[in-house]
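Undergrad: Quick one: sequence plus predicted model below, questions after.
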Amino acid sequence: MDGAGGFLLLGLVGLIAGTLNTVAGGGSFLTLPVLILFGLPAGVANGTNRIGILFQNVASVWRFDRYGVLDRRAALWAAGPATLGAALGTWAALMIPDSVFQRLLALLMVIFALLSLWAPRKPERLHKRPRHVTSVLAASFFAAGIYAGFVQAGVGFLILAVTSLAGLDLVRGNAVKVLAILCATVLSLSLFAWQGRVDWALGLSLATGQTLGGALGARLTVLRGHAFVRAVVTVAVVVFALRLWLTG
């Protein structure tokens, strides 16, 4: 899959993934397998995927800030620990063999797809302010950062669980989520690029769609439209997971 058609496909996949990542999470379960199907080794796909994540979250943070739902204090109690954790997770990702990473990705895809189908409906907007910052919250974001640095895919679900514990509704929790992931991605992408694990041409093609998806996802989040988006991609996630497992 190459040529103009391939780059257009990447842009479309990026649009879907960027929207999904912003409104809920799990968009990398689409982009990572597609990059691997484009012929990238699993480790390079993992690094290349961060380009779109970076652009997508810049757009999302800007949109959430314009809507007035971004808690800038989250840079202290969420983004900081997540970024530190991402350094450790990225180091682990750079050490693991491609074949092992590909099998782990397929397994995680199935797990998160099942969770998205069986998870109970999340509460409506609670309009609560964040609770006092505790060591438990910081440790939770640090752990989420480790996962984000390692594989990225599905980390949005983990962070939304933490923001719910912090007393944030889904809209403001999503705003905190994209800020934390943005900061963690800057460090993670830098480390992958330093090790030569990034295909910039494919990554930037993916990023064009993800940037639009990030802005669109922020809009859909404010309108509480994420449930439909997650349902649409669940079948695709399962199909990609089976493909990865069989070819890993």
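TA: Done, it's in.
Undergrad: Let's see the pLDDT reported for residue 63.
TA: Here the pLDDT value assigned to residue 63 is 82.
Undergrad: what residues are up against it?
TA: For residue 63, the contact set (C-beta atoms under 8 Å, 6 or more residues apart in numbering) comprises 214, 215, 218, 219. The C-beta positions use only the backbone N, C-alpha and C, and glycine is treated the same way.
Undergrad: got it, and residue 181?
TA: For residue 181, the contact set (C-beta under 8 Å, 6+ apart) comprises 53, 57, 82, 148, 155, 156, 159.
Undergrad: By neighbour count, which of those residues wins?
TA: Counting neighbours by other C-beta atoms under 10 Å, the top entry in the contacts of residue 181 is residue 82, with 34 neighbours.
Undergrad: Next one: that residue from residue 206, what distance?
TA: 22 Å (C-beta to C-beta, to the nearest Å).
Undergrad: Any buried residues in stretch 96-107, and which?
TA: In terms of neighbour count (16 or more other C-beta atoms under 10 Å), stretch 96-107 has its buried residues at 96, 98, 101, 102, 104, 105, 106.
Undergrad: Adding pLDDT as columns, could you present those residues in a markdown table?
TA: Shown next, in a markdown table, are these (pLDDT from 0 to 100):
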| residue | pLDDT |
| --- | --- |
| 96 | 86 |
| 98 | 80 |
| 101 | 81 |
| 102 | 75 |
| 104 | 81 |
| 105 | 76 |
| 106 | 74 |
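Undergrad: Inside strands: which ones of the residues you listed?
TA: The members of those all map outside strands under DSSP state E.
Undergrad: got those residues as JSON lines, with distance to residue 23 columns?
TA: Below are those laid out as JSON lines (distance: C-beta to C-beta, whole Å):
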{"residue": "96", "distance to residue 23": "30"}
{"residue": "98", "distance to residue 23": "30"}
{"residue": "101", "distance to residue 23": "26"}
{"residue": "102", "distance to residue 23": "27"}
{"residue": "104", "distance to residue 23": "25"}
{"residue": "105", "distance to residue 23": "22"}
{"residue": "106", "distance to residue 23": "24"}
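Undergrad: Show the subsequent helix or strand relative to the helix or strand hosting residue 137.
TA: Secondary structure assignment for residue 137, by DSSP states H and E: helix 135-150. As assigned by DSSP H and E, the chain's next helix or strand after helix 135-150 is helix 155-165.
Undergrad: that older thread, hmm, which of the contacts of residue 181 is lowest in pLDDT?
TA: residue 156 (78).
Undergrad: Quick check: that one touching residue 26?
TA: Yes: counting by C-beta atoms under 8 Å, residue 26 is a contact partner of residue 156 at 6.6 Å.
Undergrad: now the nearest residue to residue 158 once chain neighbours are set aside: how far from residue 137?
TA: Of all residues not flanking residue 158 in the chain, residue 144 sits nearest, at 4.8 Å (C-beta to C-beta, 6 or more residues apart in numbering). Shown here: residue 144 relative to residue 137, a distance of 11 Å by C-beta to C-beta.
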